[in-house]
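Novice: What follows is a protein structure lacking sequence information:
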């Protein structure tokens, strides 16, 4: 959740337009995990037997793959105010949700008992599905350095850095795909997106000041172009069609930017949107849990895809995603209550002194 504090009135302000974007981005993460992660990219055989279905999968993936990049752009737009209290709460959220989820699933007989090594891996976020947690922690640690750089460098220097960074990432993180960029699944790519958002916020230009209709049209057009490029690689060159959806892809970065800019140009206030958005990170934690992701989320979607008709498959997946989203939001509200109690009783003992 994004919380901004007014220096004059010392009150937290939440921008519902950005909070709505955060919710949509989390839904996009659910969708992309249900699409290419669960089912894999369509191949030549899939396109030859069912072109419309395979093309639709490419389009859905292209539209939804922006979710993670948008999350980081949100952080960069407002800037991360690194505080020990926020960091402790972030870690507590993940651990609380995982432990509580495990207890419930054990009581229902839906998961096996975990040994000590399993808990160690869980608490160290060693499971592959939690790559985002580790990458975001690094971004959080480096945020004060990045903020200081933005403050002390001029517009020209920051622009040079951003252009150079994304040119370098395009070559070595997308075209050549060296390991340390990890296709955009890395703190390095997160830092580039963070600084890009800071630059757009501080130094708007003609590319970022388009009207909101142009922003959303560009997002759709670029996404469709990504889908067409991916499907062409599969159909005509028999290549794996996932490279265009890498987070380091310059086209995906561009589509993420214009979707993000669209939401910065609308304004409204909704208590419900703010309430839901405050817990939407729990959706990621719960559905990517090792207790849920492979044994249920992935397996159920694969099974429905192989056994059900197109409409029934979409209904089942929509219901599953809706259930996970609602359950995660409600479940996290219990975590917030527990955290407030702990914060009230013990906060002064485990926080560093903060200004």
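Specialist: Received, thanks. Everything numeric in this text was worked out from a predicted model, so none of it was measured.

Novice: Quickly find the element holding residue 232.
Specialist: Secondary structure assignment for residue 232, by DSSP states H and E: helix 212-237.

Novice: Show me what that helix is packed up against.
Specialist: Applying 3 or more CB pairs under 8 Å, 6 or more residues apart in numbering; DSSP states H and E, we find helix 212-237 packed against helix 44-49, helix 51-64, helix 250-264. The C-beta positions use only the backbone N, C-alpha and C, and glycine is treated the same way.

Novice: my read: residue 269 touches residue 16, true?
Specialist: Yes. The pair residue 269 and residue 16 qualifies as a contact (CB atoms under 8 Å) at a distance of 5.0 Å.

Novice: So for those two, which residue has more residues nearby?
Specialist: Ranked by neighbour count (other CB atoms under 10 Å), residue 269 and residue 16 place residue 16 first, with 18 against 12.

Novice: quick one: the closest residue to residue 174 other than its chain neighbours and residue 165, what's the gap?
Specialist: Nearest residue to residue 174, sequence neighbours excluded (CB to CB, 6 or more residues apart in numbering): residue 248, at 4.7 Å. Separation of residue 248 from residue 165 (CB to CB, to the nearest Å) stands at 11 Å.

Novice: So those two - more neighbours on which side?
Specialist: Under the neighbour definition other CB under 10 Å, residue 248 and residue 165 were set side by side, and residue 248 has more, 25 against 18.

Novice: Now for the more buried one: which residues touch it?
Specialist: 169-170, 173-174, 177, 181, 183-184, 189 (CB atoms under 8 Å, 6 or more residues apart in numbering).

Novice: between the residues you listed, which is nearest residue 140?
Specialist: residue 189 (15.0 Å; CB to CB).

Novice: Quick one: classify the closest residue to the closest one other than its chain neighbours as helix, strand or coil.
Specialist: Nearest non-adjacent residue to residue 189, counting by CB to CB, 6+ apart: residue 248, 5.7 Å away. Three-state assignment for residue 248 (DSSP: H, G, I helix; E, B strand; the rest coil): coil.

Novice: where's residue 248 relative to residue 170, distance?
Specialist: Residue 248 is 7 Å from residue 170, by CB to CB.

Novice: pLDDT wise, what is residue 353 at?
Specialist: With respect to pLDDT, residue 353 scores 48.

Novice: Over to residue 32?
Specialist: Residue 32 is given a pLDDT of 96.

Novice: list the helices and strands whichever strand or helix holds it packs on?
Specialist: Assigned by DSSP H and E, residue 32 belongs to helix 16-32. With contacts taken as 3+ CB pairs under 8 Å, 6+ apart, helix 16-32 sits against helix 51-64, helix 67-78, helix 250-264, helix 271-277, helix 281-287, helix 310-350.

Novice: go again using 6 Å as the cut-off
Specialist: Secondary-structure packing of helix 16-32 (3 or more CB pairs under 6 Å, 6 or more residues apart in numbering; DSSP states H and E): helix 51-64, helix 67-78, helix 271-277.

Novice: of all these, which lies closest to residue 315?
Specialist: Between residue 315 and the helices and strands packed on helix 16-32, the shortest gap by CB to CB is with helix 51-64, which sits at 15.4 Å.

Novice: Pull the distance from that closest one to the chain's centre.
Specialist: When C-alpha coordinates are averaged (CA atoms, centre = their mean, to the nearest Å), helix 51-64 and its chain have centres 19 Å apart.

Novice: any idea how far residue 29 is from residue 297?
Specialist: Residue 297 is 12 Å from residue 29, where distance means CB to CB.
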